[in-house]
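*Asks:* quick one, what's the 3D model for this:
(chains A and B)
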Amino acid sequence: MPLYYDDDQTMLADTAGQFMAEEGSIKNQLRHWRDRDCKDGFGHGLWQQFAEMGFTGILVDEDDGGLGMGQVEANIVLEEIGRNLTPSPFLSSSVLAATALKHGSNDVKGRWLPSLLSGEKVYGVAIDEGRKHRPETIACKAEKSGNGFKLSGKKDFVVYGASSEMIVVAARTSGSDSDRDGVTLFAVPQDAAGMSHDSVRLVDSSMASHITFDGVELDGDAVIGEVDGGREVLDAMLVAGRVGSAAEGVGVARGAMDMTVDYLRQRKQFGKVIGEFQALQHRASHLYSEVEIARAVTIKAAQLVDGGSEKADLMASVAKAKVAKVAGLAVREGVQMHGGIGMTDEYDIGLYMKRDRALQEFLGDQYYHTGRVAELSGY
Amino acid sequence: MSDSDLEAFRAETRAWLEANCPPEMREPVRDEDDIYWGGRNATFKSDAQKAWFEACRDKGYTVPAWPKDYGGAGLSPAQAKVLREEMAAINARPPLSSFGIWMLGPALLHFGTEGQKQRFLNEIARGEIRWCQGYSEPGSGSDLVSLQTFGEDKGDHWVVNGQKIWTSYADKADWIFCLVRTDKDNKYQGITFMLYDMASAGVSTKPILLISGNSPFCETFFDDVKVPKSYGEDVPAQVGEVNRGWDVAKYLLGHEREMISGADGGNTGTIGAALARANGAIDPVLRAELAQFDVDALAYGAMGEKFLDEIKVGKAHPAQPNMMKYAGTELNKRRHELMMAAGGSHALEWESEETSGGKPSRNWLRTKANSIEGGTSEVMLNVISKRILDLPGA
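*Replies:* Numbering: from 1, shown residues only, chains lettered A, B, ... in the order given. Presented below is the predicted three-dimensional model:
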C-alpha cells in the first residue's frame, strides 16, 4: 500500500480539515471553553457535530452502526484535531474506548455503542496508575464477588473522566501486579457507587481525573472480553491510542510550524523580514524535515495497524517517540522564533506548546517509547 | 497492472532470480572489487560475478525500468519495486553499478536526443562504458554555477581548458559528462553539459588521498582538449542545448541527492541490536542513544518509502530530494559515530584482517563526505527554505 492517501482518504482529510478549521478552531473551541472555565473542557455541541459527520463511529464496524473505517482514517481526523488544538473526547472515546468495545459481547456493544455513535455520550479510559504510563503493571483490583466483581484501587490521568458516562477500566482479576495475564477490562458506568473523581484542569486546559474505586460493585456483564484475558484487548487499545496520539501530535507540530513560518515571512526587524536570516531559515528547514519524517512514520504505523501486521506494535512506539521529539521541537522553536509575543496568552503559539506537553505524556512519553523500541528490538 | 498480474510477476521474478543469481552473488559486498562497474577495461573478479552480470544484462535487469529499446526491461514502477524487493529478499548484489545508470542515464532519458539515447543508454545498460561526472571545481563547490572550465568554440569542435575536482573514479572512467562554460557573460545560461572521451589528448587525472586512506576521487585537468561537437547523426556532444546545461545539471543533482539520501533503504537500517550482540556490554547512556538512533532510522525508513511512492505518482514536492538528502546523510553520519562508539578499540584498527582492513574506521570517515558531496547540508537547508518554505531572500 503506498504511503499517501487514496482518493477517499484525501476527501476525508479535506472534509475534516475544513470542519475543524471552522467549527473546531482555537477561537471557537479551545479559547471559548477555557475562558468560560468550562468543567468539561470541551464542547458537547461540537461532539454532536462529530457524530453527524460520522466521526464518532469511524472505527466502529458497519454492522454495529459505525463507518467501519481504520486507523488511517481515525488518524486523519486526529491530525486535524491537533492542528486546530480542538478539545475533543475523540481519542479517548472513539479510538480507545471504541477499540475496547470492539472486543465486547453483543450485550456490551448494544449497551454502550448507540450513545457513542449518536454523540450523546462520551467515554473515558482508565489505564495509568501513578504519574507515568506503565501499563505493564496493573495493581487496581477486581475481586470476584457473588456473580460479579468488586473493584478497588486508583487510576490517574483519566482524560475527560468526570464527563464520561462510562469508563473502560483495566483491573487485575488474578496474579500479581506485573503479570501479563490476569487483567480484565470493565465498562464502569459513571453512577457506579464507590467511584469518586478528583477532576483537575491540566496545563492545556483539558480535564483529567484521579479516580478512586472503593469497593465498586460490578455485575458480570460489565466485563469487556474475557475475564483474565484483557491484556490482548488492552494491547490493541494501546496501539490504536498511541498511533492516534502520534497523529494528533503531527497535527500539533504542523500547526505550530505553519504558524511560525508565516510569522517569519511577516515580522520585520533590522529593516527586513526575519525570515531572510539564515540562522532562522536553517532551523525552520530542519524542523520541516523532521515534521515530514514524523508524519511519514505515523502514516506507516497506521497502515500496519490496519493491516494487522506484527510490526504494528513496534512502529506504534517508533511513531509515538519520533512525533514526541519532533512536536516538542516544533513548539519550542515556535515560541522562540515568535520572540516576546510568543510568551503572551493572546498569541496562539503558546497554546500549541501546552497541548504538546499534555499529549507527550498521554500513553507514554518519548523516553518510555524509545526504551520500548530497544526492548522490542532485543537490546 | 492488476494485483494478480503483479503477483504473477513476483512469482516469475523469484523463479528467475533463483535460477540466475549464483549463491556467491547473494553475499554482502566486502571489497571494492566485489562491485562490478563495467567499462572498456573492466575485469570480472569471479565467474559468478560474470554470470550474474550477463544474465541481468540479457534480461534488461541492469536497468530494469528503462525502455527495452535502450537496454532496459521496460518494467513499470510497480514491477521495478517488486524486482527490488525480491532482490533484497535474497540479498542479491547489484549486477552492475555505474554513474551512467544512476546519473547520466536519467538525464539522457529526460533531455537526450533519440540518437544519444540509442547509443549511450545501450552502452551503459550493457556495461560497456564507465562514466564519471565533472561538476565541482577548486573554486566552485557549493557555488557550483560559478564554474570556470571553459570550452572555446572552434566551429566543429570546442577546445576545453580548466580543472575539475572530486571527480569520482575519473582515473578509471572511459567518458565524462562535464559542465563546461561556453559563455563567460552569462552565468546561468552560459554552461554546456558536454560528453567526451577521457582518453582524449590533454585529459589527465590525479587521485586525491582522503582521510579514509582511500582515493575514490580525483582532480581532473583539461589542457586544450578537443571535443568534437558531434559523434554522428543525431548524436551531439552536448545534452540539451548549448548554454542550457545548467537545467540538465540541476535535474541531475536532484537524482544525485535522491541517491545519496539512501531513501531506497541504504540509510534506513537499525543498529542497536546488532551492536549490542557484537560488542557485549553497552553503557546505559549509549544504549539510550542507540535506541534514539533506531527510532530515527525506522522513521526515516518510512519517509523513504513515502518519498519513493510519491515520486512515482508525481505527488512529491520537486524540492523534496533536498530534504531527503539532508536527513539521510545526517542520519548516516550519526550511525557511524555510534558504530565507532560501540565498537570501542576494535573499531580503531586501521589495517587488521579482523576489520577487513579497517572497515569500521574507514567507513566512518567516508560518511563525513555524505553531507558535503552533491550539495552540503547547509545548501540543502537553503533550498528547503527557499523552495518549500517560501522564505524570502534565501
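*Asks:* buried set for stretch B:211-219?
*Replies:* Across stretch B:211-219, burial judged by 16 or more other Cβ atoms under 10 Å in any protein chain shown covers B:212, B:216, B:217, B:218, B:219. Placement of C-beta: from N, CA and C, glycine included.
*Asks:* which ones are touching the last one?
*Replies:* In this case it means residue B:219. Neighbouring residues of residue B:219 by Cβ atoms under 8 Å, 6 or more residues apart in numbering or on different chains: B:163, B:164, B:165, B:167, B:205, B:206, B:208.
*Asks:* strands paired with the helix or strand hosting it, and their directions?
*Replies:* For residue B:219, the host element (DSSP states H and E) is strand B:217-228. Take DSSP bridges as the rule and strand B:217-228 pairs in its sheet with strand B:157-168 (antiparallel), strand B:203-208 (antiparallel).
*Asks:* which of these sits most buried?
*Replies:* Counting by mean count of other Cβ atoms under 10 Å in any protein chain shown, strand B:157-168 has the highest mean neighbour count of those, with a mean of 20.
*Asks:* what's in contact with that strand?
*Replies:* B:99, B:132-138, B:148-152, B:170, B:173, B:176, B:178, B:180, B:182, B:194, B:196, B:202, B:205, B:208, B:216-229, B:237, B:373.
*Asks:* quick one: it to chain centroid distance?
*Replies:* Offset of strand B:157-168 from its chain centre (Cα atoms, centre = their mean, to the nearest Å): 20 Å.
*Asks:* helix or strand next in line after it, which one?
*Replies:* Criterion used, DSSP H and E; the element after strand B:157-168 is strand B:175-181.
*Asks:* how far off strand B:157-168 does that following strand point, in degrees?
*Replies:* Angle of strand B:175-181 versus strand B:157-168, following axes from the mean of the first three to the mean of the last three Cα atoms, to 10 degrees, is 110 degrees.
*Asks:* just checking the distance from strand B:175-181 to the centre of its chain.
*Replies:* 17 Å.
*Asks:* kindly format the C-alpha coordinates of that strand as CSV.
*Replies:* Output of strand B:175-181 as CSV, limited to C-alpha atoms (Å, rounded to 0.1, in the frame of the first residue of the first chain):
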residue,chain,number,x,y,z
TRP,B,175,34.0,9.1,-20.6
ILE,B,176,33.0,12.1,-18.7
PHE,B,177,29.8,14.2,-18.5
CYS,B,178,31.1,17.6,-17.8
LEU,B,179,29.8,21.1,-17.1
VAL,B,180,31.8,23.5,-19.3
ARG,B,181,31.3,27.3,-19.5
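*Asks:* what packs against that strand?
*Replies:* Packed against strand B:175-181 by the contact rule (3 or more Cβ pairs under 8 Å, 6 or more residues apart in numbering or on different chains; DSSP states H and E) you find strand B:131-134, strand B:150-153, strand B:157-168, strand B:191-197, helix B:245-261.
*Asks:* the ones you listed: lowest mean pLDDT?
*Replies:* The minimum mean pLDDT among these belongs to helix B:245-261 (a mean of 88).
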